[in-house]
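[1] This is a predicted model, with the sequence first.
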Amino acid sequence: MEQSTLNFIFIGISFAIYIGIAFKSRATSTKEYYTAGGGVSPLANGMATAADWMSAATFISMAGTLAIGGYDGSRFLMGWTGGFVLLTILMVPYLRKFGKATVPDFIGDRFYSKVARGVAVVCAIFICMTYIMGQMNGVGVVFSQLFGISMTSGVLIGAGIVFLYAGLGGMKGITYTQVAQYCVMAFAYTIPAIFIAIAMTNNFIPQLGFIGEFTQDGTGTPFLEKVNDLNVKLGFSKYTDGSLSTINMFCITAALMCGTAGLPHVIVRFFTVKDVQAVRKSACWTLAFIAVIYLTAPAIGAFSRVNLIQNLHQKKYETAPQWFKDFELTGQMAWVDKNNDGVIQYFGKGKSKAGTSDVFVPTAAAKKPQYPTEDKRGAHGERILVNQIDTSNPNELWFGGDIMIMANPHMGGLPKWAIALLMAGCIAAALSTAAGLLLVLSTSISHDLMKNIVNPNLTDKEEVRYARIAAFVSLLVATYFGINPPSTFIAQTVAFAFGLAASSFFPTLLMGIFWKKLSKEGAIAGMACGIGFTLGYIIYFQFMRGTKEQYLFGIAPAGIGTLGMLINFATAFLVNLVSPPPPLEVQKMVENIHIPSGAGEASDH
Amino acid sequence: MSSTNALKHRQACLYITLAILAIWFLVSLGCSILFRDWMDQNMPQVGNAQFGFWMSQQGSIICFVLLLITYAVLMYRLDSKYGYLDSRHESSDSVDSADSAESAE
């Protein structure tokens, strides 16, 4: 059976399951729409949260980021899991006790002000939008690979499907759909890893093979040593060293961790469990389910790295594997024969006197390969690029980091059904998170903006209708940016969202929960300054002419959220000194949320 | 008094939280980034991987899961010690009681 047919079968089946579940649980009241009617079991909630958590960034992009960055990739591994610990011990038990449906709700009530609520809504919108952009980009990458179509069409098709079941089912449909999606993702991720681990390290447990020996060539070299050697030989830094500065590793990891604890769409997941104790249990389950995949990613990254180099470097283009040419067709891999020898060479910065390794010169408009309107082929059959070729280095191979996870099973020679399963997993990842985000975005607009600020007389039905309209519009915007994202890496785009959350919600929620004397003026000033600074920094360096030399303290935009967070804390503290303290009822409310019982509102379905 | 009960519970909770945060920082930002080189040189290898590197890619994640489980268990015990386990009834330690001393300022 053809690979593409198998792909469609696997994906079709998974889709039928998701849409079926969504349809069966069609939400009508706002309560069901927002928090799945309360009372989901901690285990189910754990799985669903894990699926929501594991977006296209995790599933698709992380393995590639690890393959290319080695140790550097750890910033994502630790950032996204470590942040979860912060979320659990500092945020969600208290917010659950508070009992409202959304984060701007909490901020609006805790800081007794519509302005605070409004600022929170704006922050939520920026965070969710940036995050969704990354997801739609991921959807595009997967669908374009699947159908052999352009990225644009891939994004558009994915957008339609997301809207269908997010809009229809609301939170309830999504919760159970996501349980199904987690299962698909877990299998899709681990099974290829097991196959490759057996092939390369003779160990069916990928994590052990990772620290074991490379047995494929019979030498028994330690696997990590093999990867390191390959990297160094080709002019890259050692896989286990990476190349990011310590300050950037620290700041980016910290921004990801704190951002995690401030993500509105994850926090809201915990409002669907019974009570505060259930929240803690649910969080444990969630992290355990997430860990299944995150512990496998480093092994996949390292295996892919070896596979990529062995399969492509110093291989003639004409006899290169078919998957390479398939990826070339969709613009995810490219080869420029700089030395006219018909052989693919892959080199790092160490091999060029200029210290560069770009195949073509990336410009603001063209970070990816650009092709002529009529496909032209070169002397050996390769696709010709119209980008300006960078002749200062001998590197001839370009590939988008985001295709590594999909290329991996091809590179490892896995059976076709494993590849099809992986595709189904990739789609599950991207769609599940996109749907969750879309929901938070739409509720922020309908519940927090429309009902609580603009028109308190909205009926339930009208609120739900506004939510659906908001979902539609947000999706359009996200789709546009999914096609033209702020960064070529999904993980990088998503990292920006975390930076925004780290500088706005994380500090403000933390202070709101633990410091009852923080006034509304302090909180508003803190949030505004934090997110304003971070957003400005990101836009300047990603969309305008900023260059690396201009970085503050050498911190890249992905890590600036840490600085933005400090700015938020400092501003809030200073402004608080000169503003009146919160009213007594608010202070009592803060004290109340530290009492774990009496959380209220937990209906079973 | 019911309010000192709540206060003691809250303090104990704070201690637990801070202790977990300290370990959290150590195994992630500490072992894997700030002190990584020291760890690589002075701690034993895990399989064929240097300690700092292994912590950054595998060990820290395992620790996080263990930390959360520890947190859930410790908090459960704390909650039961202070009588907060039955969440169906309003706790008598709700701070709405008029004799709460903290709000008098």
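    Great, that's in hand.
[2] Tell me how far A:Pro485 lies from A:Gly134.
    Distance, A:Pro485 to A:Gly134, using C-beta to C-beta, to the nearest Å: 7 Å. Every residue, glycine included, has its C-beta placed from N, CA and C.
[3] overlap in contacts of those two?
    Listed as contacting both A:Pro485 and A:Gly134 by C-beta atoms under 8 Å, 6 or more residues apart in numbering or on different chains are A:Thr493.
[4] between these two, who's got more neighbours?
    Ranked by neighbour count (other C-beta atoms under 10 Å in any protein chain shown), A:Pro485 and A:Gly134 place A:Gly134 first, with 33 against 26.
[5] is it true that that one touches A:Ile60?
    No - in this structure, A:Gly134 is not within contact of A:Ile60 by C-beta atoms under 8 Å, at 10.0 Å.
[6] Where is the longest helix in chain B?
    The residue-count maximum for a helix in chain B (DSSP state H) belongs to helix B:2-25.
[7] In chain B, which residue sits closest to chain A?
    Residue nearest to chain A within chain B: B:Gly47 (2.8 Å; C-beta to the nearest C-beta).
[8] Next up, phi/psi of A:Thr373, please.
    Backbone torsions of A:Thr373, given as degrees, to the nearest 10, read phi -60, psi -30.
[9] Could you do A:Ile593 as well?
    phi -70, psi -10.
[10] Report the separation between it and A:Asn395.
    Computed as C-beta to C-beta, the A:Ile593 to A:Asn395 distance reads 55 Å.
[11] what's the following helix or strand after the helix or strand of chain A with the lowest mean pLDDT?
    Lowest mean confidence among the helices and strands of chain A (mean pLDDT, DSSP states H and E): helix A:30-35, at a mean of 56. Using DSSP states H and E, the helix or strand that follows helix A:30-35 in sequence is helix A:42-53.
[12] And the contacts of that following helix?
    Here helix A:42-53 makes contact (C-beta under 8 Å, 6+ apart) with A:40, A:80, A:84, A:174-176, A:178-179, A:181-183, A:185, A:265-266, A:269-270, A:272-274, A:278, A:281-286, A:288-290, A:428-429, A:432-433, A:436.
[13] Same list, those residues, but only the ones touching chain B.
    By C-beta under 8 Å from any C-beta of the partner chain, the members of the contacts of helix A:42-53 lying near chain B are A:84, A:274, A:281, A:283-284, A:288.
[14] Tell me the one among these nearest to B:Asp79.
    Checking the ones next to chain B among the contacts of helix A:42-53 against B:Asp79 with C-beta to C-beta, the nearest one is A:Lys281 at 12.3 Å.
[15] So which of the ones next to chain B among the contacts of helix A:42-53 are in helices?
    Counted as lying in helices by DSSP H, out of those, are A:84, A:281, A:283-284, A:288.
[16] out of these, who has the most neighbours?
    Greatest neighbour count in these, by other C-beta under 10 Å, goes to A:Ala283: 29 neighbours.
[17] Pull the contacting residues for the residue nearest to that one when sequence neighbours are not counted.
    The shortest distance from A:Ala283 to any non-neighbouring residue, by C-beta to C-beta, 6 or more residues apart in numbering or on different chains, is to A:Thr88 (4.0 Å). By C-beta under 8 Å, 6+ apart, the contact set of A:Thr88 is A:279-280, A:283-284, A:287, B:68, B:71.
[18] Let's see that with 7 Å instead.
    A:Thr88 sits next to A:280, A:283, B:68, B:71 when contact means C-beta atoms under 7 Å, 6 or more residues apart in numbering or on different chains.
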